[in-house]
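Peer 1: Starting from these lines, generate the structure:
(chains A, B, C and D)
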Number of protein chains: 2
Amino acid sequence: MTQLGTHRHRRFADRLAAFGLHPRHVGMLSLLAAHEGRSQQALGTALGLHRSAVVALVDDLEARDLAERRPDPTDRRAHALFLTPSGRELLVRLEDVAEQDEDEFLRGLDPAERATLVALLQRVAAAQGLTAGVHPGLDPTEDGPRR
Amino acid sequence: MTQLGTHRHRRFADRLAAFGLHPRHVGMLSLLAAHEGRSQQALGTALGLHRSAVVALVDDLEARDLAERRPDPTDRRAHALFLTPSGRELLVRLEDVAEQDEDEFLRGLDPAERATLVALLQRVAAAQGLTAGVHPGLDPTEDGPRR
DNA sequence: TTAGAACAGTTCATAGCACGAACAATCGTG
DNA sequence: CACGATTGTTCGTGCTATGAACTGTTCTAA
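Peer 2: You can find the predicted model right below:
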């Protein structure tokens, strides 16, 4: 299980590297797509990231014009985060990459078996109290060193 | 998949921390159990570890009296590695821990479903060209945004 | 109203880890 | 016998995660 997880993670991370992206970028972008306007703090804890890591990540996303900080109208301490049009556009392409990646990952199974596998994994995840879409992670490390 | 893999990894790593051990220790010990007398180099590459990391790891295992270096009779450069009695003993206890851990991990599924899941995962792993028992890995990080 | 605690975001410092380079001893091959 | 490759080892370097400290803001309680 661990082995497959890290294998999957690496494969995906390698593909992202071609875009100059880190899994973290994707995690933040897709989380943003679902929850625009939330604070860095909220998004960071949802992704399991350290506060200072969020700062660097958002700095980077802003520099690439993928996301932007806007003042939160209800709390002048906080920054509300939003996707830019380019961010939204990139996310669509990334979903393609992810789908392609999953397809290659599951190439040993036929469609019915894939469905069974996904269903079982989802039940395991639910029993462990994990929430969907949250990618703890590291980077390579979340596992393993890229060897 | 990635999420579950890192979750599993962390749970296991946490349990090991109670023994003062790192997943790497366990990887090396169990590999040793199957291939005693091999060189550090051979064991290291099998685990995906850097040469210098193997040195530190074996130093540690020797200091804990879990493994020992002996001169390789056929090559005076190499060290042949062996488990000590305490190492073998510890490994048995660790297998218990792993089993217990797996049980908790799969608690959402009944025995038949577990068997199905394992079979599917093994086929995926085989299709990906992964060899059994090799735990790439790192530590902490193996996860999330890793690499 | 105001003092103090709590909190968002940021910056900085530190520690830990992987990885590459360099070295001595040994092996293999010509 | 000379040369390149290999094993184990040490050292240095860079990257990353993590914690402490700081500013500005909000909340809570006298």
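Peer 1: Could you use CA atoms for every contact and neighbour count after this?
Peer 2: Noted.
Peer 1: right, is the helix with the most length in chain A up against chain B?
Peer 2: Using DSSP state H, we find that the single longest helix of chain A is helix A:85-105. Yes: judged by Cα under 8 Å from any Cα of the partner chain, helix A:85-105 comes into contact with chain B at A:Phe105.
Peer 1: And the contacts of the helix or strand just after that helix?
Peer 2: Next along the chain after helix A:85-105, taking DSSP states H and E as the criterion, comes helix A:111-127. With Cα atoms under 8 Å, 6 or more residues apart in numbering or on different chains as the test, helix A:111-127 has contacts from A:106, A:131, B:1, B:4, B:105-109, B:113, B:117, B:120-121.
Peer 1: give the contact list for A:Val26.
Peer 2: Counted by Cα under 8 Å, 6+ apart, A:Val26 has contacts A:91, A:94.
Peer 1: And it, how close does it get to DNA strand D?
Peer 2: According to Cα to the nearest atom of the strand, to the nearest Å, A:Val26 stands 14 Å off from DNA strand D.
Peer 1: Is that residue within a helix or a strand, and which one?
Peer 2: helix A:23-34.
Peer 1: buried residues in that helix?
Peer 2: Going by neighbour count (16 or more other Cα atoms under 10 Å in any protein chain shown), the buried part of helix A:23-34 is A:23-32.
Peer 1: Show me which positions of the longest helix of chain A end up buried.
Peer 2: Neighbour-count burial for helix A:85-105 flags A:87-88, A:91, A:94, A:101, A:105 (criterion: 16+ other Cα under 10 Å).
Peer 1: separation between the spatially most central residue of chain A and DNA strand D?
Peer 2: What sits nearest the mean C-alpha location of chain A, by Cα atoms, centre = their mean, is A:Gly27, with 1.8 Å. The gap separating A:Gly27 from DNA strand D is 13 Å, by Cα to the nearest atom of the strand.
Peer 1: counting contacts, what elements does the lowest-mean-pLDDT helix or strand in chain A pack onto?
Peer 2: Sorting the helices and strands of chain A by mean pLDDT, DSSP states H and E puts helix A:2-17 at the bottom, at a mean of 88. Using 3 or more Cα pairs under 8 Å, 6 or more residues apart in numbering or on different chains; DSSP states H and E, the elements in contact with helix A:2-17 are helix A:23-34, helix A:85-105, helix B:2-17.
Peer 1: what's the following helix or strand after the shortest one?
Peer 2: Next in sequence after helix A:23-34, counting helices and strands by DSSP H and E, comes helix A:40-47.
Peer 1: Phi, psi for A:Leu81 please.
Peer 2: Backbone torsions of A:Leu81, given as degrees, to the nearest 10, read phi -100, psi 140.
Peer 1: so A:Leu43 makes contact with A:Ala33?
Peer 2: No: when contacts are counted by Cα atoms under 8 Å, A:Leu43 is not listed as touching A:Ala33 (11.3 Å).
Peer 1: And the helices and strands packed on helix A:2-17: which comes nearest DNA strand C?
Peer 2: Checking the helices and strands packed on helix A:2-17 against DNA strand C by Cα to the nearest atom of the strand gives helix B:2-17 as the closest, at 11.4 Å.
Peer 1: quick one, what contacts A:Ala42?
Peer 2: The neighbourhood of A:Ala42, defined by Cα under 8 Å, 6+ apart, contains no residues.
Peer 1: A:Ala80: what secondary structure?
Peer 2: Classification of A:Ala80 using DSSP: H, G, I helix; E, B strand; the rest coil returns strand.
Peer 1: now it: how far from chain B?
Peer 2: Between A:Ala80 and chain B the computed distance is 23 Å (Cα to the nearest Cα, to the nearest Å).
Peer 1: Repeat that for A:Gly108.
Peer 2: Using Cα to the nearest Cα, A:Gly108 is found at 5 Å from chain B.
Peer 1: give me the low-pLDDT residue ranges for chain A?
Peer 2: For chain A, residues meeting the criterion pLDDT under 70 lie at A:132-147.
Peer 1: Pretty sure the residue nearest to the centre of chain A sits against A:Leu47.
Peer 2: Yes: the pair A:Gly27 / A:Leu47 is scored as a contact, 7.3 Å apart, by Cα under 8 Å.
Peer 1: quick one: A:His79 and A:Pro71 touch, right?
Peer 2: Yes: between A:His79 and A:Pro71 a contact is recorded at 5.1 Å, counting by Cα under 8 Å.
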